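In: The sequence and its predicted three-dimensional model are supplied below.
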Number of protein chains: 2
Amino acid sequence: MGVNLKDIAQRAGVSLATVSNVVNGYRPVGERTRQRVQQAIDELGYSPNLGARHLRRGRTGLIALAIPELTNPYFAELAEIAISEAAALGYTLVMENTAADREAELALLDGSRQRIIDGLILSPVRVGREEVLARTAGSPLVLIGEGVYDVPHDHIAIDNVAASHAAIRHLVAIGRRRIAFIGATPGGDRQSAHLRVRGYREALAAAGLPYRPLLVARTDAFGRLDGMRAMRDLLALGDPPDAVFGYNDLVAIGALRALAEAGHRVPEDVAVVGIDDIEEGRFTAPTLTTIAPDKRVIGRLAVRRLVARIEGAEVAGPLTVQTPFRLLRRGSTGTPDA
Amino acid sequence: MGVNLKDIAQRAGVSLATVSNVVNGYRPVGERTRQRVQQAIDELGYSPNLGARHLRRGRTGLIALAIPELTNPYFAELAEIAISEAAALGYTLVMENTAADREAELALLDGSRQRIIDGLILSPVRVGREEVLARTAGSPLVLIGEGVYDVPHDHIAIDNVAASHAAIRHLVAIGRRRIAFIGATPGGDRQSAHLRVRGYREALAAAGLPYRPLLVARTDAFGRLDGMRAMRDLLALGDPPDAVFGYNDLVAIGALRALAEAGHRVPEDVAVVGIDDIEEGRFTAPTLTTIAPDKRVIGRLAVRRLVARIEGAEVAGPLTVQTPFRLLRRGSTGTPDA
DNA sequence: CATCACCTGTATAACGTTATAGAGCCGCGC
DNA sequence: GCGCGGCTCTATAACGTTATACAGGTGATG
């Protein structure tokens, strides 16, 4: 349908190859010829057929970002950053929703369904080291968030243990002693849940506080509803917590809801901290104290690493990169809003 | 790199064309041959090179969903539905972020950047009838949300006027008399803002209430922050409203925040209603009454229409489809949570 | 003046697929 | 026995691009 190289070549009175060289500068072209060709391109409105180009080049120009849920604002915010970074590098980013499903993650890893993409950024939830090592697809892979260790792939995430430390230290500093954690997982999945629990335990120990297993609430997923249910259970304990640290902001927001329903005051009765710094947390009542990962760094770095691997560049630096984070004190731990 | 048709053909001892026919059933193939080929495919693990296939077929198998912001949960929820519907129909959905930018919308319409996609689902914000009519790209286009009328394209949206009516009727029914609207726009963009204001005015008139221009707050965008600021302004009026209807849930949630900060009780002092039924609204304090569009219908219908047009099928029914909605009564208008 | 290197531009072979034209083969009916 | 239709399967020409090999011309150098 569209205008193609041949049309341009005819119009400009040169060969196909010359037009191609003008378009992507693979070989030098004389100034006069270049101008004639460029004029023809402008007049006819040529844009290359990417299918054909990529068939020839062996690459498609697409990269995929696979996340467990698009409706988690953290991932939506991350995706927005990754999309624009990919565009800046000349790639188109395709979103894949794994829905935290093991089969979906495996399918992506093996690339069976995905002969279209040049590389994959995956936020793994259900797959671990073995599955990643068993990966057959040859295209580059960058892991974000959850840790899958000792695999030959880039991995970008915050230091989950340190992040937990910071959250718990803050709660201790404002005088809390019975600090609960919401969002532990039963199985081996969700490495970061384990790491965050570990940071929680270590920080408690460092503060001289006892570790009470009853105060660590497991959840199946990590949405608002899960946080709400877990908080209800915690409130039903004979001796409920005076602070809660959620696996992420959504869980913490669910906890806020359960506390409001039960008539508890936040932060007076129970203080709440989350992780992710989603925009929503700046508008809850009270506003949510949170650990803010640097989403811009994570999103951009993931895309850049992936593109560098795709293009075969030597990538400096270690495979695993830990990105910075900050503690944002807000209403849910007693800091008045600005 | 991968296994291709030729490898399979050699392995099975048949011709290229036969393998192709086995793969996509264009021509009948004898049972014995089919089995030999199928076995070779399974053994070697063949999957077609989509670039080549699409070069030949003239289609890429990609469709784009262009929305003003990925971080608006309404669009994230819609996107999740559209992605899975597209996958079910054998297409891959690419997300495009227009960031409510006119240039970005125009670029998508003209398809200059987008020779990769077979069709486009666009939620227009800054472009209107003329721009859509001037579209040069030949690929099918489906519009969602905002209305751009009298153009030869499918358009899927709720009846904005009726939705506003329902919201205002509800507020009137619970005894409110000074009802404000947050989210009018100055320019001609955002048709739906105009329509929602129109429904607001009509419903006021039908209830015998006066229309007070001071109670219609303009905003530049439609996020939580915009809603919060607008609500602050409304509260500063000599005679503040006793109810607020937001352009969408985000705006309404911002209003909730401003009300909480100013010490007003919801719904006792001010009742609040939004549109979109994003999950977040079920967890605010109080929970948010909202007009719930049927996102599943919108997302699926948009994708199906688009795919039908791409594949050249005759599409029955009118171009413009209005999708159903429901009023969900929650805490912000005095209905206790279930 | 011959040789050589260089600089532009051209012709063409891929890339992996699908659709078209046609080649064998078999059995049936005249 | 011959022609014919139907059924499988094959050979091959696209699709639009890029990279390779090559051709023609020009200027510099010995």
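Out: That came through fine.
In: only C-alpha atoms for contact and neighbour calcs from this point on.
Out: Noted.
In: List the contacts of stretch A:265-278.
Out: A:73-74, A:77, A:167, A:171, A:241-252, A:255-256, A:259, A:264, A:286, A:288-293, A:331-334 (CA atoms under 8 Å, 6 or more residues apart in numbering or on different chains).
In: let's see 6 Å
Out: Here stretch A:265-278 makes contact (CA atoms under 6 Å, 6 or more residues apart in numbering or on different chains) with A:74, A:242-246, A:248-249, A:252, A:289-292, A:332-334.
In: what does stretch A:224-239 give?
Out: In this structure, residues lying in contact with stretch A:224-239 by CA under 6 Å, 6+ apart are A:240, A:250-251, A:253-255, A:258.
In: can you do 10 Å?
Out: Contacts of stretch A:224-239 with the rest of the structure, by CA atoms under 10 Å, 6 or more residues apart in numbering or on different chains, involve A:72, A:178, A:180-183, A:214-221, A:240-242, A:244, A:246-259, A:261-262, A:264, B:279-280, B:282-283.
In: buried set for that stretch?
Out: By neighbour count with 16 or more other CA atoms under 10 Å in any protein chain shown, stretch A:224-239 contains the buried residues A:224-232, A:234-235.
In: how about these in CSV, adding distance to residue B:36, pLDDT and secondary structure?
Out: CSV is the format used below for the buried residues of stretch A:224-239 (distance: CA to CA, whole Å; pLDDT from 0 to 100; DSSP: H, G, I helix; E, B strand; the rest coil):
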residue, distance to residue B:36, pLDDT, secondary structure
A:224, 52, 97, helix
A:225, 52, 97, helix
A:226, 51, 97, helix
A:227, 54, 98, helix
A:228, 56, 98, helix
A:229, 55, 98, helix
A:230, 56, 98, helix
A:231, 59, 98, helix
A:232, 60, 97, helix
A:234, 61, 98, helix
A:235, 64, 97, helix
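In: from those residues, which is closest to residue B:97?
Out: Lowest distance from residue B:97 to these (CA to CA) belongs to residue A:224, with 26.0 Å.
In: And the closest one, how far from DNA strand D?
Out: Going from residue A:224 to DNA strand D by CA to the nearest atom of the strand, to the nearest Å gives 48 Å.
In: quick one: contacts for the closest residue in space to that residue that isn't next to it in sequence?
Out: Spatial nearest neighbour of residue A:224, chain neighbours left out: residue A:254 (4.1 Å); criterion: CA to CA, 6 or more residues apart in numbering or on different chains. Listed by CA under 10 Å, 6+ apart, the contact set of residue A:254 reads A:222-232, A:246, A:260, B:280, B:282-284.
In: ok now do residue A:195, which residues does it touch?
Out: Residue A:195 sits next to A:146-147, A:159-164, A:184, A:201 when contact means CA under 10 Å, 6+ apart.
In: in what helix or strand does the nearest residue to residue A:321 once chain neighbours are set aside lie?
Out: Distance criterion CA to CA, 6+ apart; nearest residue to residue A:321, sequence neighbours excluded, is residue A:156 at 4.9 Å. According to DSSP states H and E, residue A:156 maps onto strand A:154-158.
In: Let's see that strand as CSV, backbone CA atoms only.
Out: Extracted C-alpha coordinates of strand A:154-158, given in CSV (Å, rounded to 0.1, in the frame of the first residue of the first chain):
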residue,chain,number,x,y,z
ASP,A,154,21.0,-8.2,34.2
HIS,A,155,19.0,-7.6,37.3
ILE,A,156,17.8,-4.3,38.5
ALA,A,157,16.1,-3.7,41.9
ILE,A,158,16.2,-1.8,45.1
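In: quick one: buried residues of the next helix or strand after that strand?
Out: Remark: after strand A:154-158, the chain's next helix or strand is helix A:160-173, criterion DSSP H and E. Residues of helix A:160-173 classed as buried: A:160-172 (neighbour count, 16+ other CA under 10 Å).
In: what's the answer for stretch A:181-197, then?
Out: Neighbour-count burial for stretch A:181-197, counted by 16+ other CA under 10 Å, picks out A:181-185, A:189-197.
In: Minimum pLDDT in these, which residue is that?
Out: Of all the buried residues of stretch A:181-197, residue A:189 carries the smallest pLDDT score, 54.
In: so where is the stretch 101-250 of chain A shaky, pLDDT-wise?
Out: Residues of the stretch 101-250 of chain A meeting the criterion pLDDT under 70: A:112-115, A:147, A:187-190.
In: what are the ranges of the strands in it?
Out: Using DSSP state E, counting those that start in this stretch, the strands found in the stretch 101-250 of chain A span residues A:119-122, A:141-144, A:154-158, A:179-184, A:216-218, A:243-246.
In: How about the fourth one and chain B, touching?
Out: No - using CA under 10 Å from any CA of the partner chain, strand A:179-184 stays clear of chain B, coming no nearer than 16.9 Å.
In: end-to-end on stretch A:117-135?
Out: 15 Å (CA to CA, to the nearest Å).
In: Name the residues of it that are buried.
Out: Buried positions in stretch A:117-135, judged by neighbour count with 16+ other CA under 10 Å: A:117-128, A:132, A:135.
In: quick one on the thing from earlier: pull the most distant pair out of the buried residues of stretch A:181-197.
Out: Farthest pair in the buried residues of stretch A:181-197, by CA to CA: A:181 and A:189, 17.4 Å.
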